[in-house]
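Enquirer: Model the following, please.
(chains A and B)
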Amino acid sequence: MDVIEVQNLHKRYGETVAVEDVSFTVEKGEIFGILGPNGAGKTTTVECVEGLRRPDAGSVSVLGMEPARDRTALTQRLGVQLQEGALQEKLKVREAMELYASFYPEPADGDELLELLGLAGKRNTYYKKLSGGQKQRLSIALALIGNPEIAVLDELTTGLDPQARRDTWTLVESVRDRGVTIVLVTHFMDEAERLCDRLALIDEGRVAAVDTPAGLVDRAGGEQRVRFRPSAEPDGELLAAVPEVSSVSREGDHVVVSGTGNLVPLVVNALSSAQIVPIDMRVEQANLEDAFVMLTGKALEFDTAVEPAGAPHQKSLR
Amino acid sequence: MSTMSPARPRGTDTRLATLGRLTTVELKIVVRDVVAIIFALLFPAALFIVLGAAQPGFRDPEEAFGGLRPLDVYGPVVIGLAIATAAFSMLPGYLAQYRENGVLRRLATTPASPSSLLGAQLIVHTGLTTGGSVLALFSATVIFDVRWPGNMPGLVVAFVLSAVACFLLGLVVAAVAKNARVANALGMVVYFPMLFFAGVWTPGDAMPDGLRAVADFTPLGAATEAMSDAWVHGDWPSALHLLVLAGWAVVGSVAAARLFRWE
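Expert: Numbering: from 1, shown residues only, chains lettered A, B, ... in the order given. From the prediction side, this is the model:
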């Protein structure tokens, strides 16, 4: 069942087109990602879903309602975490939770949410005294306080440290397991890959593709690359003769073998038949980034600072 | 979470309850802002006390005031000051900051609308202004033996209309200022001339005729004159001043409604 339907959405601010033509549907109970570089139109798109902005053309339907028209009814069933949404500086965490809980007919347990988000010790702290990460987590708590059927989370983990990011991902999954549909706006590849059931890749106000993360990676060719330093110089034909190998190239001391299927044991076997040992062997899998580059023809603004250590894909795409 | 009843229509009760909760929260926030409390609540009375106790000649009868002491005519000026402080200094600052920080926007995504927060702010500042004015009234009558307002209902009418006009104009300041810093600066640009015409430095009865004629048409000048008629002279406020205040209220409400942006 579709809970969100966006059809040919178009939105401009004066002369600037923020969203050219965006269509997608979100199914009940899934984590749906909207992935794209900064300025692609992601936030404007979800603002039309939230009812904060009125589309210039196209249609948006959320839980059978038109957001811009039925905003009051929709806000009771849709929780929102804004990319830039703040609270009054001298409002305490506990007061904010109580206030926001009072807006909804059947609110969630605020104390439980604060506990889950690691903010239980900050109940009596003023909003302005919270760190960036704590503000972000409080903002997530407030998005969930109304027991929403759909939660829209915009740049969920921006500003969080790596541990807090992983904790937040776990939280999002547990919220989804309770039956909440989640729309996740992000420009982080690893976040999208880890969390999303399906993704819309958005670029310059248009949808480049909608698919599962694995489906998108497949579109990028699904090739693997194996990179190693050989203990002795292999014969030029040795590796190219393996049927699954599509290309062999040299990069300094290293040999780079591209291909499909179970590439690693095939390469190791071929080398050992010539008494060659691969040293420093690394496998590079095609990932969402490759898919994005392939589908849009450009690199995604990619924040390597928060990449988990030892990520398989080391290439910098800045 | 998955078993939600369909959205219920929100009745007047719910909206009033929301306004009540937001008002409580905003009151707490203003109280935590010590400077705001000092200025809105205590400054008017304190100014009266300091002038009365220390300003030379303030307790001596004067020709210009028909034999009254400057103290006797200064009460309405101090109340005008209380209104102006809330309307042009505090209200625009808070609202512009809430818009700048995204507080209003955040509320727009909940069943509570940002207009409830605006309402709560107006209630809180009205309350503080009233409190500050009552304190000033009592310090005048109790400490300095100033005569109790001759026409109390007249004073209340003048006060309410003055507060409405000034707060609406304060909303216009909040509307045209793009952030809190600009709102504060712009508020001050309006605030000090207003205080001048209100007679903080030269009470209306002692103003030169030309200046007095201009002051009659400014919001705060009309406000203090209207309150002065009721408090000092025991009359009803003159139609001219009430009309001027009503006019400013209309200007303020039209401009604020057209210009105010939630984000």
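
Enquirer: Spatially nearest residue to whichever residue of the stretch 151-263 of chain B sits closest to chain A, not counting backbone neighbours?
Expert: Proximity of the stretch 151-263 of chain B to chain A (CB to the nearest CB) peaks at residue B:263, 8.2 Å away. All C-beta spots, glycine's among them, are computed from the backbone N, C-alpha and C. Excluding the flanking residues, the one nearest residue B:263 by CB to CB, 6 or more residues apart in numbering or on different chains is residue B:105, at 4.7 Å.

Enquirer: swap in residue B:62?
Expert: In space, residue B:62 is closest to residue B:70, 6.2 Å off (CB to CB, 6+ apart).

Enquirer: Tell me the spacing between residue A:73 and residue A:88.
Expert: 26 Å (CB to CB, to the nearest Å).

Enquirer: okay, these two: which has more neighbours?
Expert: Counting neighbours by other CB atoms under 10 Å in any protein chain shown for residue A:73 and for residue A:88 shows that residue A:88 has the greater number, 24 against 19.

Enquirer: Which pLDDT value belongs to the closest residue to the more buried one other than its chain neighbours?
Expert: Counting by CB to CB, 6+ apart, residue B:29 is the residue found nearest to residue A:88 once chain neighbours are left out, at 5.4 Å. At residue B:29, the predicted lDDT confidence score is 94.

Enquirer: buried set for the helix or strand where residue B:29 lies?
Expert: Following DSSP states H and E, one finds residue B:29 within helix B:12-32. Neighbour-count burial for helix B:12-32 flags B:14-15, B:18-19, B:21-23, B:25-30 (criterion: 16 or more other CB atoms under 10 Å in any protein chain shown).

Enquirer: what sits against the spatially most central residue of chain A?
Expert: For chain A, residue A:192 is the residue whose C-alpha lies nearest the centre (CA atoms, centre = their mean; 2.6 Å). With contact set as CB atoms under 8 Å, 6 or more residues apart in numbering or on different chains, residue A:192 has these partners: A:33, A:35, A:184, A:186, A:199, A:213, A:288.

Enquirer: ok, residue B:219 to residue B:256 distance?
Expert: From residue B:219 to residue B:256 the distance is 14 Å (CB to CB).

Enquirer: Show me where the chain has its helices.
Expert: Assuming you mean chain A. Ranges of helices within chain A are A:42-50, A:71-75, A:93-102, A:110-116, A:132-144, A:162-177, A:189-195, A:213-219, A:236-240, A:263-273, A:288-296, based on DSSP state H.

Enquirer: um, chain B though
Expert: Going by DSSP H, chain B shows helices at B:12-32, B:34-37, B:43-54, B:70-84, B:91-101, B:103-108, B:114-138, B:152-176, B:180-198, B:209-215, B:219-231, B:239-259.

Enquirer: Out of those, which is closest to residue A:295?
Expert: helix B:103-108 (32.5 Å; CB to CB).

Enquirer: Tell me how far that closest one lies from the chain's centre.
Expert: Here the centre of helix B:103-108 is set off from its chain's centre by 25 Å, with CA atoms, centre = their mean, to the nearest Å.

Enquirer: sorry, back to before: I figured the residue of the stretch 151-263 of chain B closest to chain A hits residue B:102, correct?
Expert: Yes. Contact between residue B:263 and residue B:102 holds when scored by CB atoms under 8 Å: they sit 7.3 Å apart.

Enquirer: So these two - more neighbours on which side?
Expert: residue B:102 (17 against 13).

Enquirer: For residue A:191, see how far away the more buried one is.
Expert: Where residue A:191 is concerned, residue B:102 sits at a distance of 23 Å (CB to CB).

Enquirer: likewise residue A:64?
Expert: Taking CB to CB, one finds residue A:64 at 30 Å from residue A:191.

Enquirer: Between the two, which has more neighbouring residues?
Expert: Neighbour count, other CB under 10 Å: between residue A:64 and residue A:191, residue A:191 has more, with 22 against 11.

Enquirer: Backbone torsions only: list them for the nearest residue to the more buried one once chain neighbours are set aside.
Expert: Spatial nearest neighbour of residue A:191, excluding adjacent residues (CB to CB, 6+ apart): residue A:157 at 6.1 Å. Backbone torsions of residue A:157, given as degrees, to the nearest 10, read phi -110, psi 10.

Enquirer: dump the residue contacts of residue A:157.
Expert: A:136, A:164-165, A:168-169, A:186, A:188, A:191, A:306.

Enquirer: what residue ranges in chain B score low on pLDDT?
Expert: B:1-12, B:204-205 (pLDDT under 70).
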